[in-house]
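Participant: Sequence and predicted model, in that order:
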Amino acid sequence: MDNLAIVSDYMKEVAAYAPEEQGQLIHDPQKQHFLIYSIHWDEDRRQYGCYLHIEVKKDGKVWIQHDGTDLAVADELVKRGIPRDQIVLGFRSPFYRKMSDFAVA
């Protein structure tokens, strides 16, 4: 299975964790961005925002642009078959990326 298919399947699973009205998967098939947004009311406060954003670049590298979860997303993608050198922790500065065993860019 290629990186795009792995990310697509994983994001569908993560989106299914939340009740339908609270987690929405948005996919841009041209640029291969996957976002999961939360849109709901918490008593009298509206909750709105992206809690997971993954992009699959043309070179096949998987960029985790935002991870607002406690799911260890990068490790889960490795378990599903994406090599660590194909995953970029885009939410970290390049300086800190060099200190991990994931791709720098």
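Facilitator: In hand now; what should we look at?
Participant: wait, what's in contact with the residue positioned nearest the centre of the chain?
Facilitator: Closest to where the C-alpha atoms of the chain average out (C-alpha atoms, centre = their mean) is residue 54, at 3.4 Å. The contact partners of residue 54, by C-beta atoms under 8 Å, 6 or more residues apart in numbering, come to 7, 11, 33, 34, 62, 63, 64, 65, 73. To be clear about C-beta, it is placed using only N, CA and C from the backbone, and glycine gets the same treatment.
Participant: Return the subset of those residues lying in helices.
Facilitator: 7, 11, 73 (DSSP state H).
Participant: on that earlier part again, what separation is there between the residue nearest to the centre of the chain and residue 31?
Facilitator: According to C-beta to C-beta, to the nearest Å, residue 54 and residue 31 sit 12 Å apart.
Participant: Please apply the same query to residue 74.
Facilitator: From residue 74 to residue 31 the distance is 21 Å (C-beta to C-beta).
Participant: More neighbours: these two, which one.
Facilitator: Taking neighbours as other C-beta atoms under 10 Å, residue 74 and residue 31 compare with residue 74 leading, 19 against 10.
Participant: and the residue lying closest to the more buried one once chain neighbours are set aside, what does it touch?
Facilitator: Closest residue in space to residue 74, ignoring its immediate chain neighbours: residue 87 at 5.4 Å, by C-beta to C-beta, 6 or more residues apart in numbering. Residues near residue 87 by C-beta under 8 Å, 6+ apart: 61, 62, 64, 74, 77, 78, 102, 103.
Participant: Quick check: the last one touching residue 84?
Facilitator: Yes - here residue 103 reaches residue 84: they are 7.3 Å apart, a contact under C-beta atoms under 8 Å.
Participant: Settle it for me: which of these two has more neighbours?
Facilitator: residue 103 (17 against 13).
Participant: What separation do you get for the closest residue to that one other than its chain neighbours and residue 46?
Facilitator: Closest residue in space to residue 103, ignoring its immediate chain neighbours: residue 88 at 4.7 Å, by C-beta to C-beta, 6+ apart. According to C-beta to C-beta, residue 88 and residue 46 sit 32 Å apart.
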